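In: Generate coordinates for the sequence data below:
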Amino acid sequence: MVAVTPTVAAPPDPRRWWALGALVASMLVLGFDLTILNVALPALAGQLGAGTGELQWIVDSYVVVFAALMLPAGLLGDRYGRRRMLVAGLAVFLAGSLGGTLADSPALVIAARSVMGLGAALVVPLGLSVLPSMFGEEERGKAVAAVSAAMAAGLPLGPLVGGLLLDHYWWGSVFLINVPMAALGIAACLLLLPESRDPSSPRVDPLSAACSALGLGALVLGVIEAPERGWTSAPVLGAFAVAAVLLTVLVRRQRRETRPMLDLGLLARRAFLFPTLAATLGTFVFSGLLFLLPVYFQEVGGADAFGTGLRLLPMMAGLMVSARASTALVARLGARPVVTAGLAVLSCAALLGSRTGPGTGYGFTALWLTVAGLGFGLAMVPAMDTALGGIPAEQAGSGSGLLMTLRQVGAALGIALLGSLAAGAYRDGLDTTGLPAPAAGAARESVSGAHAVAERLGLAGLARSADAAYVAGMGRILLVCALAALLTAVLTALLLPGRRGVPAPEA
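Out: Numbering: from 1, shown residues only. Below you'll find the predicted structure:
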């Protein structure tokens, strides 16, 4: 009789927790880079002479590239090695951060942010996909939760870290802080992460990836340029036409693929479509507010950068509290009433915020920001969970990728559209009567420009007019947000699945 030696599983690598720590640090940096620059917008307007459109591109360039390239970048890692592409992504992100530190014009800052978005597109999907190769089934949940929580925690930390840096150093410090963190992540990946790949993953279609990036970029370009050039001007209509053609090509190519990068057929399922719509709208409003509010706090309210970060905390606190409570509420009531209630609360908060005036105290602002945060958390978390629970298990990867992509598209359009509408309202409401043409042009570019002109020429009335015009524009935007949230709440109340595991009928 031959003795059979039992197979002994290899002990887990003791270095895996150090590797997880480095991944968490990398994700934290990527998370707060989504929001850290918002508190620097007034400084960029004042020190680099950036107008509203350039400020929108400084924020949006990162998000547009991130959204457009996240799926193909993740597939590259599956095909050619996740560790290799993760290191490449962190290196690209580091290079973009160094470029931002050295930039001396709005165009160079936009270029640096675009490079950082490319790096982030490689890092985010691969940061999660390498975990199964390091952790067993019993530990994997904790590891995924740690990485996901780091990304989420970066959002409220961004304005605080950015404000603290800006109060003590120059605006480039918000880029410089990324350099040691990215370098640490690269070293940890090289020394601690095992290589892994999935050769059976869908192939990367270069033409689809190019259509996605260029089409979304053209759409955002048209939205940002419209207030200044006119919605019916040739350049704006041309940008929209290019976006329509490229995105149509993308959709048609992806529909013909057996295993597409973007499984657009999922949008035909109500159980996926309507929670995805709710999550995308929440991201749209959240990103637009994070673009508008720092300028309001600093230019109209006179806060410094760190004070701006502190003033945003009520919204972040409300979001975290309601996101945590939403899980228990969904378990008790189902997703539909919770998501609907969250959107209704968000609509009420935006309606309340639209009553803000130039002399409104911070107490009122903190109240509606807290309510807005509560609405965001109640709507977003259950909506995302329901969207992923409403698709077959074999499509979970493509479904999560599509959901993340649409949320980032929502963020890019929120900054572009809401920022452009606010810029148009600001220009319409600003009184530049009697100003020389160069001074009037500088004042119309941004609130910061108007304050600089008012200080140089001793025109207190111009500063008051700029504050009133900006706040009036912000109020108009909040009314748009309230209406959009209310409409989405009605749709989810009628069409969202009630409980997980009870799929809605197909459209």
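
In: Distance check, Leu343 against Val295.
Out: Counting by C-beta to C-beta, to the nearest Å, the separation of Leu343 from Val295 is 26 Å. Backbone N, C-alpha and C define where each C-beta goes, glycine included.

In: and if you look at Met380?
Out: Distance, Met380 to Val295, using C-beta to C-beta: 24 Å.

In: Which other helices and strands does the helix or strand Phe175 falls within contact?
Out: Assigned by DSSP states H and E, Phe175 belongs to helix 173-176. Packing partners of helix 173-176 (3 or more C-beta pairs under 8 Å, 6 or more residues apart in numbering; DSSP states H and E): helix 82-102, helix 137-168.

In: Please identify the most buried of the ones you listed.
Out: Comparing those by mean neighbour count (mean count of other C-beta atoms under 10 Å), helix 82-102 ranks first with a mean of 22.

In: Quick check: next helix or strand after that one?
Out: Counting by DSSP H and E, the next helix or strand C-terminal to helix 82-102 is helix 106-129.

In: Would you mark the buried spots in that next one?
Out: Within helix 106-129, the residues that qualify as buried are 106, 109-129, counting by 16 or more other C-beta atoms under 10 Å.

In: do stretch 186-202 as well
Out: By 16+ other C-beta under 10 Å, the buried positions in stretch 186-202 come out as 186, 188-189, 192-193, 196-197, 201-202.

In: Not counting that stretch itself, show me its contacts.
Out: Stretch 186-202 has contacts (C-beta atoms under 8 Å, 6 or more residues apart in numbering) with 13, 15-16, 18-19, 21-23, 75, 77-84, 86-87, 90-91, 94, 129-130, 132-134, 257, 259-261, 398.

In: Buried only: go through these for me.
Out: Looks like those have 16, 19, 22-23, 75, 77-79, 81-84, 86-87, 90-91, 94, 129-130, 134, 260-261, 398 buried, using 16+ other C-beta under 10 Å.

In: just to revisit the earlier point, please say which of Leu343 and Val295 ends up with more neighbours.
Out: Between Leu343 and Val295, counted using other C-beta atoms under 10 Å, the more crowded position is Leu343 (30 against 26).

In: residue contacts, that one?
Out: By C-beta under 8 Å, 6+ apart, the contact list for Leu343 reads 278, 281-282, 375, 379, 485-486, 488-489, 492.

In: Now Ser420: closest residue in space, sequence neighbours ignored.
Out: Pro227 (4.8 Å; C-beta to C-beta, 6 or more residues apart in numbering).

In: I'd say that neighbour and Asp428 touch.
Out: No. The criterion here is C-beta atoms under 8 Å, and Pro227 misses it with Asp428 at 9.2 Å.

In: neighbour count winner among these two?
Out: Pro227 (21 against 13).

In: Helix or strand for that one, just tell me which one.
Out: Element membership of Pro227 [criterion: DSSP H and E] is helix 206-229.

In: hmm, back to that, please name the residues that touch the residue nearest to Ser420.
Out: By C-beta under 8 Å, 6+ apart, the contact list for Pro227 reads 420-421, 423-424, 427.

In: What's the separation between it and Leu418?
Out: In terms of C-beta to C-beta, Pro227 sits 11 Å off from Leu418.

In: So for Val144, what pLDDT did the model give?
Out: For Val144, the model assigns a pLDDT of 66.

In: Also Asp13?
Out: Looking at Asp13, its pLDDT is 67.

In: again with Tyr169
Out: At Tyr169, the model reports a pLDDT of 84.

In: count of neighbours near it?
Out: Neighbour count for Tyr169, taken as other C-beta under 10 Å: 12.

In: what's the answer for Gly361, then?
Out: Considering only other C-beta under 10 Å, Gly361 is surrounded by 9 other residues.

In: what are the phi and psi values for it?
Out: Dihedral pair for Gly361: phi -70, psi 160, per degrees, to the nearest 10.

In: returning to what we had before: where among the helices and strands packed on helix 173-176 is average confidence lowest?
Out: Of all the helices and strands packed on helix 173-176, the minimum mean pLDDT falls on helix 137-168 (a mean of 73).

In: Give me the distance from the helix or strand following the helix holding Phe175 to the chain's centre.
Out: Sequence-wise, the next helix or strand downstream of helix 173-176 (DSSP H and E) is helix 178-192. From the chain centre to the centre of helix 178-192 is a distance of 23 Å (C-alpha atoms, centre = their mean, to the nearest Å).

In: And the strands in the stretch 351-500 of the chain?
Out: Using DSSP state E, counting those that start in this stretch, the stretch 351-500 of the chain contains no strands.
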